[in-house]
Each structure stands twice: as structure tokens, then as C-alpha cells.
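> need a 3D model of the following:
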Amino acid sequence: VAATPRLPRGSSSGGSRRREYDAESWTGRNVAARVTAQAAPAFGGGFARDCAVVRDLFPGAFGAVRLGVHVPSLRLVDVETVAADVKALRVAAKDARAAVGEAPNVCAVIGVKAEGPAAILVSEHLDGGSLRHVCDAGGFAGHEAPLLHVAAQALAGLAAIHAACLVHGGVAPESIRVARDGRVKLAALGAGAAVAPRSAAYAAPDGLKTAAADVFSLGATLYEAATGGPLAKIGEEPELGAPYGKGVAALVLHATRRDSSLRATAPFLLQAPCLAASKAAPWPFPHALIVELGPFLPADAGDELDKVAAAVAAHEAASPQEAFLADVFGK
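Numbers count the residues shown, from 1 in each chain. Alright, predicted model coming up:
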């Protein structure tokens, strides 16, 4: 950390938000490139130890999610608290990362470390929050294009997880992360193998941790994202009416069949005709989709450089004990 170049004075968020960067300097040219790099680092405990927490973000499926930064590389990360044994979570997360690899619709798990009696799961950060924000704000309110986009991306992530002979075990609005450029990924992979999610609201009726149960949880999540209300687990099968079309209604219905033997798999659901356009659009996604998705995401708290500058400042700030010792021995 000591050898890492520092951001220039005045580059942190707040005040005049100055950008006094020399175009030929390390700061001016290379910070943005290092922040926006897409390749996730390899899994390892050393990475997690070098991460500093910046601020709270939102509730996750397994615990509170905070924004962090890996100070040596200036990479922003999500830091999620998981009430699990550290060793068990580390093994589960490492095995999951090795099995799934760099699946484009799964947030890469980068490391695990202890924090008091709980464990910390460090993973890839997306800057648009979670689908929980959309659900709490009333859902997509009839806007079919962003709903189908989220469905296609999340189903692709779930299909990759199941193809690796794994289950997620915690699919919920909180574990579906969104980026402002339209990327959608399943987060907290590995946590479900070590501990149960905080809420059972999206669990399958049989209460099992299976691939079919993951599909039910995703279907229940999509229903809530469409309507703004939770899926009833008893009574009639779910039915989405106008303004959503029959294709979306059928997608949710086949994902949430209460009888698991009748429930569709993630790869089968990806073949739904209503998802054809969403699957055909590779990243970077069409501008029209980004414009339609944007209003449903939470307000941005600052650009990437601002967040990194704040994170570095927080990491470099002396702890009360360090300040006390410096005061005592400095006299």
C-alpha cells in the first residue's frame, strides 16, 4: 500500500469536485483504467485483507452490503457481512469461484475474511445497486423491456451456476445486482452453501436447496420486480396481467410452478420467445435500453474517481489508537 501512488489533493468528492489531473501523470491517465478494468482478480485471502470499507450500500440477501476498495489496485468491491463460519464460507466461495470461473452474469467472489464473529464476503461491485431498490419503488410498472432484460441476464447467470453443478441458495432481489451500463449479475455465490439467507420469502415451497428451488426464487423475484408486490405462495398460480404481455406472464408462471417436477429449468426458460431480443443484444447494450432502465436505479452517489478518492482517504485515516500513540510519542 505504501508504494501505491496517491490521488492528488483536491481530487476527492465534495467541494468544487476539482479535476486537477495532469494528462501525462499516473493519476490522470491510469486511475480510470484501473478502476474500470473488467477482469476480476483471482480468489485469495490477501485481496480481502487489503480492502477498506467506505460506506454502507444496501441490505444483501445474507447481510449488510458495504462499498469497499482494494487499496493497492484501487478496485471498488462489495463487502457483504455473512453470519457464517469463516472457514466454511471461504471453502464454499473458493469452490464456487473455481467452478463458475468468469461467468459474465455472476459477480466474481474475490475473497473472504473474518470480521468479529461473522465473515466478510468480498466480491465484484456493480454501480447500480440491487433489484431490491426497483421492487421497493413499485417495480417496473409495466415497462416490459427492462424487466425482460433483467430476466434474461439473471437466468443466464443461474444457468451458468447450475451447469457447474452448484446451487445459489439465496436468489432474491437483494442478490441481483445491476450496473448503470445494463449489466445484471447474481451476487453472493457460495454464501448459500454456508448459511441460509436472512429471509425465506423467496424460498421454494418445498424448502429445499436445489436448482429447481433457485428457479422458483428467481421467478418470485421477477414477479415482485414486475408488480412491486410479493408472490403469494398459496392459492392460485401467479398471473401477470396487462400491461405485461402473455410471454412475460408465461415466463413467470413456468418459473414459479409450486410442483417442482413441473417447474422449468433456467436453460429452458432462456429459450422463451419473449427473451429473444434481450439475449441477442450483447454488452455494451443499446442506448435505448440504458435510458429506459436508468430511472429505476437509485441516484448515483458520485463517479468512480470520487468513490476511490474517498476510499483511499478512509483507508489512510489513522485509527483512534494510532492517533493516541502518535500524540503520546510525538511529544
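> separation between the most centrally placed residue in the chain and Ala309?
By Cα atoms, centre = their mean, the chain has its centre lying nearest to Arg177, at 3.4 Å. Applying Cβ to Cβ, to the nearest Å, the value for Arg177 to Ala309 is 23 Å. For every residue, glycine as well, the C-beta is placed using N, CA and C.
> thinking again about what came up before, can you list the residues that contact the strand or helix carrying the residue nearest to the centre of the chain?
Arg177 belongs to strand 176-178 when assigned by DSSP states H and E. Strand 176-178 has contacts (Cβ atoms under 8 Å, 6 or more residues apart in numbering) with 78, 107, 126, 128-131, 150, 154, 184-187, 221, 293, 297.
> tell me the one of these nearest Gly169?
Leu186 (11.0 Å; Cβ to Cβ).
> check contacts around Val195.
So Val195 contacts 62, 82-84, 89 (Cβ under 8 Å, 6+ apart).
> does Ala226 really touch Cys135, like I thought?
No. Using Cβ atoms under 8 Å, Ala226 is not in contact with Cys135; the gap is 9.4 Å.
> follow-up on the earlier one: name the nearest of the contacts of Val195 relative to Leu121.
Val82 (5.3 Å).
> gap between the closest one and Ala191?
5 Å.
> residues bridging contact with these two, i.e. touching both?
Contact criterion Cβ under 8 Å, 6+ apart; residues shared by Val82 and Ala191: 62, 89, 121.
> run through the helices of this structure in chain order.
26-35, 45-49, 86-100, 131-136, 144-163, 191-194, 211-227, 246-255, 266-269, 276-280, 287-293, 304-316, 320-329 (DSSP state H).
> okay, Ala226 and Cys135: which has more neighbours?
Between Ala226 and Cys135, counted using other Cβ atoms under 10 Å, the more crowded position is Ala226 (27 against 23).
> what is the neighbour count of the nearest residue to Leu158 once chain neighbours are set aside?
Spatial nearest neighbour of Leu158, chain neighbours left out: Ala266 (4.3 Å); criterion: Cβ to Cβ, 6 or more residues apart in numbering. If you count neighbours by other Cβ under 10 Å, Ala266 ends up with 22.
> identify the residues contacting Ala266.
155, 158-159, 162, 211, 214-215, 218.
> how close does Phe296 get to Leu121?
26 Å.
> more crowded one of these two?
Taking other Cβ under 10 Å, Phe296 and Leu121 do not tie; Leu121 has more neighbours (33 against 22).
> beta partners of the more buried one?
Glu80, Val112 (DSSP bridges).
> Ala193 is in contact with that one, correct?
No. At 11.7 Å, Leu121 does not count as touching Ala193 under the criterion of Cβ under 8 Å.
> pretty sure Phe216 sits against Arg263.
Yes. Using Cβ under 8 Å, Phe216 is in contact with Arg263, at 6.4 Å.
> identify the contacts common to these two.
By Cβ under 8 Å, 6+ apart, the residues touching both Phe216 and Arg263 are 255-257.
> over to the closest residue to Leu76 other than its chain neighbours: give its phi and psi.
Setting aside the residues directly before and after it, Leu76 is nearest to His125 in space (Cβ to Cβ, 6+ apart), at 4.4 Å. As for His125, its main-chain torsions (degrees, to the nearest 10) stand at phi -110, psi 130.
> now for His125: which residues touch it?
67-68, 76-78.
> what's the closest non-adjacent residue to Pro273?
Nearest to Pro273 is Gly247, by Cβ to Cβ, 6+ apart, at 6.0 Å.
> same question, His143
Residue nearest to His143 in three dimensions, not counting chain neighbours: Glu292, with 6.2 Å by Cβ to Cβ, 6+ apart.
> residues near that neighbour, how many?
Glu292: 17 neighbours (other Cβ under 10 Å).
> please apply the same query to Glu239.
11.
> who are the contact partners of it?
Contacts of Glu239 (Cβ under 8 Å, 6+ apart): 249, 253.
> now do the strand holding Arg177, average pLDDT.
The pLDDT scores in strand 176-178 average 97.
> swap in stretch 154-171?
Stretch 154-171 comes out at a mean pLDDT of 97.
> run the chain-centre distance for it.
Counting by Cα atoms, centre = their mean, to the nearest Å, stretch 154-171 is centred 14 Å from the centre of its parent chain.
> now swap in stretch 169-183 and tell me
5 Å.
> now tabulate the helices of the chain in a markdown table and tack on distance to Ala201.
A markdown table is the format used below for the helices of the chain (distance: least, Cβ to Cβ, whole Å):
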| stretch | distance to Ala201 |
| --- | --- |
| helix 26-35 | 35 |
| helix 45-49 | 29 |
| helix 86-100 | 23 |
| helix 131-136 | 11 |
| helix 144-163 | 17 |
| helix 191-194 | 15 |
| helix 211-227 | 8 |
| helix 246-255 | 16 |
| helix 266-269 | 20 |
| helix 276-280 | 26 |
| helix 287-293 | 24 |
| helix 304-316 | 31 |
| helix 320-329 | 40 |
